[in-house]
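Trainee: make a model of this:
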Amino acid sequence: MNVISRSGLTDLIARKSKDVQTEVLAWYRIARRAAWDSFGSVRRQFPDADSVHGLLVFNIRRNRYRLIVFPVFHRHKLYVKALLSHKEYDKGEWKTRWLQ
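Mentor: Presented below is the predicted three-dimensional model:
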């Protein structure tokens, strides 16, 4: 998968703790090598990933953070949208920004 963009992902994790950075970069390495063609293929590698109105939501640091990604499976692309704490995610403000 082409993860758009690594620099954007690096910017998102720059202000987070080292353990979050390590786990997100591990996710990036897995996603970059993946050939996901559907949500089902994502779930085979990340069983606790969720699909929320077409966005993929990955649990990071045992549910402490959420990585939100917009997939375009037929083009093998993942657009990184946000890395939110559990508290930020639960507020739901991200939905008004990316669920138009």
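Trainee: where does this structure have low pLDDT?
Mentor: In the predicted model of the chain, residues 100 satisfy pLDDT under 70.
Trainee: contacts only, for I30.
Mentor: With contacts taken as C-beta atoms under 8 Å, 6 or more residues apart in numbering, I30 has the following neighbours: Q45. No exception for glycine: its C-beta is placed from N, CA and C like everyone else's.
Trainee: ok, which stretches of the protein are strands?
Mentor: Counting by DSSP state E, the chain forms strands over residues 2-4, 50-52, 55-60, 65-72, 77-85, given from the N-terminal end onward.
Trainee: let me have those in JSON lines, extended by mean neighbour count and distance to A31.
Mentor: Rendered in JSON lines, the data for the strands of the chain read as follows (neighbours: other C-beta atoms under 10 Å; distance: least, C-beta to C-beta, whole Å):
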{"stretch": "strand 2-4", "mean neighbour count": "15", "distance to A31": "5"}
{"stretch": "strand 50-52", "mean neighbour count": "14", "distance to A31": "15"}
{"stretch": "strand 55-60", "mean neighbour count": "20", "distance to A31": "9"}
{"stretch": "strand 65-72", "mean neighbour count": "20", "distance to A31": "8"}
{"stretch": "strand 77-85", "mean neighbour count": "19", "distance to A31": "6"}
